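**Q** Next one to model:
(one chain, ligands or ions: 1)
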Amino acid sequence: MTDPATHAAHPAATESDLRPDVPFPTLPGGRRVLLASPRGYCAGVDRAVVAVEKVLEVHGAPVYVRKQIVHNTHVVATLTKAGAVFVDELDEVPDGAVVVFSAHGVSPAVRAAAVAKNLVTVDATCPLVTKVHQEAKRFAADDHDILLIGHHGHEEVEGTAGEAPDRTQLVDGADSIAAVQVRDPGKVVWLSQTTLSVDETMASVAALRGRFPELVDPPSDDICYATSNRQGAVKQIAPQADLVIVVGSANSSNSVRLVEVALEAGAGASHRVDSAAELDEAWLDGVTTVGVTSGASVPEVLVDQVRTWLAERGFGDVEEVTTASETLTFALPPELRRTLKQARDSAHRAVAG
Ligand code: SF4
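**A** Numbers count the residues shown, from 1 in each chain. You can find the predicted model right below:
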């Protein structure tokens, strides 16, 4: 999955500066923070955010972005200030303009609309979402019915289902499992959104397999490494935590899932916040151990602010709990790499000339 032509890491805020010497006293009573690792930016989000920044550098503002580039309020606000214009659909984009497709992916119908409007497109779809699109195309071509486990209305699900709309049924909860109808029970495959709860998805698969014993599994996990790793880390800290704070936006599927996973794994309470400004002092009543994590679209600076808020209230003792190490990075979209190379070449020629 790695590509030798990887881009430089996005300059996410570092944690190492803060962790060993949090400059706030730990009050008596054993108050502590368990900091989940991995947390925050995944490779697909990093790539998508950097892609918009680079497109702005090369083309200048405005650069249009279809849907939120990633589901995080802070990231969208920062890029908006830099000149990105977020739109819901391509009919809001002037003909011939530059448009970036978000990390969640788009259907073939959206690509066709972009061609019809003569748009210059940069596709920031996460390669792990593209992988699921390829699976959908392949199984549809092989005449399978596709049972796509995911959340109704989520952009990623709309994009994936759009690859084979006549062959795909969305499975979103127990009622939809009961309602599934297939043409041939011997040719049925399940696929999924990348950011679901691993445990809930496996329960849905078991229920589907109860109805269709020959149900085919995807060739590899559709729930991505980042989603699984963040859930694994929060599962580790939740049983020891009176409270788990998840940093992430309300429309971030994987962030919302982290709250559910924390509660299922035994956290006394769990709350999702977009930023430290949403934290509530009352949540700390009677609490000695706070777990902290963040969704895959969350810049580390937002976690740092939560840690500072906690440290100011006596939770200065921080222990990082690491359950996996992540080194994956993705190359920028090839069309953007070509544009960047052309820009560099013409700058060299100008200097030489
Ligand atoms: Fe890609 Fe997973 Fe990140 Fe989504 S959460 S952008 S699928 S790596």
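**Q** Which residue does the stretch 1-150 of the chain have closest to the ligand?
**A** residue 44 (2.5 Å; C-beta to the nearest ligand atom). Quick note: C-beta positions are derived from backbone N, CA and C, even for glycine.
**Q** what secondary structure does that residue sit in?
**A** helix (DSSP: H, G, I helix; E, B strand; the rest coil).
**Q** Could you list the residues of the stretch 251-353 of the chain in contact with the ligand?
**A** The stretch 251-353 of the chain comes close to the ligand at residues 254, 296, as judged by C-beta under 6 Å from any ligand atom.
**Q** Tell me where the chain has helices.
**A** 43-59, 73-82, 108-116, 127-141, 155-161, 174-179, 198-211, 225-237, 253-264, 300-311, 334-352 (DSSP state H).
**Q** Any buried residues in the shortest one, and which?
**A** Of all the residues in helix 174-179, those buried under the rule 16 or more other C-beta atoms under 10 Å are residue 177.
**Q** what's the answer for stretch 339-353, then?
**A** So, applying 16+ other C-beta under 10 Å, buried residues of stretch 339-353: 339, 340.
**Q** And for stretch 84-95?
**A** For stretch 84-95, by 16+ other C-beta under 10 Å, it's 84, 86, 90, 93.
**Q** For residue 204, which residues are in contact?
**A** 149, 171, 177 (C-beta atoms under 8 Å, 6 or more residues apart in numbering).
**Q** In a markdown table: those residues, plus pLDDT and distance to the ligand.
**A** What follows is the contacts of residue 204, written out as a markdown table (pLDDT from 0 to 100; distance: C-beta to the nearest ligand atom, whole Å):
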| residue | pLDDT | distance to the ligand |
| --- | --- | --- |
| 149 | 98 | 15 |
| 171 | 98 | 19 |
| 177 | 95 | 24 |
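**Q** so can I have TSV of those residues showing distance to residue 348?
**A** Putting these into TSV (distance: C-beta to C-beta, whole Å) gives the following:
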residue	distance to residue 348
149	50
171	53
177	59
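**Q** nearest to residue 138, of those residues?
**A** The shortest gap between residue 138 and any of these belongs to residue 149, at 17.6 Å (C-beta to C-beta).
**Q** For burial, what's the neighbour tally of that closest one?
**A** Using other C-beta atoms under 10 Å, residue 149 is surrounded by 24 other residues.
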